[in-house]
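S.K.: Task: produce atomic coordinates for the following.
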Amino acid sequence: MKKLELREHIIKVASELFYANGYNATGINEIILKAEIAKATLYSHFKSKDELCISYLKNMNDNFMNGLHVHIESKKESKLQLLGIFDYLRDLYFNPDFNGCWSIKCMAEIGKEDNEIRKEIKSQKNNLMSYLKIIINNNLPQNSNAETEKLSNAIYLLYESAISESHLHESDWPIYSARTIALQLLPKA
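M.R.: Here you go, the predicted model:
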């Protein structure tokens, strides 16, 4: 396996384990065993478990954001684009591997001293909020900056609640409820 392919393989294996079992519950030896690599190979690609965790977070976020972009761009109707994050989340929820929000789960497991991991999670959440603002600007160009900010923040908070609560309750009702509330926040046509 080429070096880049091997790195991607390690990230994929670690991502599956971290997402399914949690960051703290997944040991380096478990990753090595499942990836079928030597410890030296792992450490030649990642200096620490934290560095591997950051790669995991980036991998999960890239997959999520790419899928979200495709989903939203496939919708022609403005309202469906504005509510697209909830429809995309509902699709994710019905995937048998759905296990809630990767970054919030990880955040709950780390201490405040894990600044690099926290910084990555915060960056991902800020990027999601920025993307929501773009969607709102594209579909509601008449909105003021303050209105766009208020609506994007509300949709973001509803999404965050929906992903956590759907995982907790093992039901899609939180996603449906969040989407319904978001719909009520949209300007009437």
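
S.K.: how about the spatially most central residue of the chain, what does it touch?
M.R.: In the chain, the residue lying closest to the centroid (Cα atoms, centre = their mean) is residue 61, at 4.7 Å. The neighbours of residue 61, taking Cβ atoms under 8 Å, 6 or more residues apart in numbering as the test, are 102, 103, 124, 127. For every residue, glycine as well, the C-beta is placed using N, CA and C.

S.K.: ok, now residue 155?
M.R.: Listed by Cβ under 8 Å, 6+ apart, the contact partners of residue 155 are 82, 85, 132, 136, 182, 185.

S.K.: try 10 Å this time
M.R.: With contact set as Cβ atoms under 10 Å, 6 or more residues apart in numbering, residue 155 has these partners: 82-86, 128-129, 132-133, 135-136, 178-179, 181-182, 185-186.

S.K.: Then residue 183?
M.R.: Contacts of residue 183 by Cβ under 10 Å, 6+ apart are 79, 82, 83, 86.

S.K.: quick one: which of those sit in helices?
M.R.: Among the contacts of residue 183, the members found in helices (DSSP state H) are 79, 82, 86.

S.K.: Out of those residues, the closest to residue 69 would be?
M.R.: Of all the ones in helices among the contacts of residue 183, residue 69 sits closest to residue 82, with 14.6 Å by Cβ to Cβ.

S.K.: so where do the helices sit in this structure?
M.R.: 3-21, 28-35, 39-45, 49-73, 78-82, 84-93, 102-109, 115-139, 145-169, 173-185.
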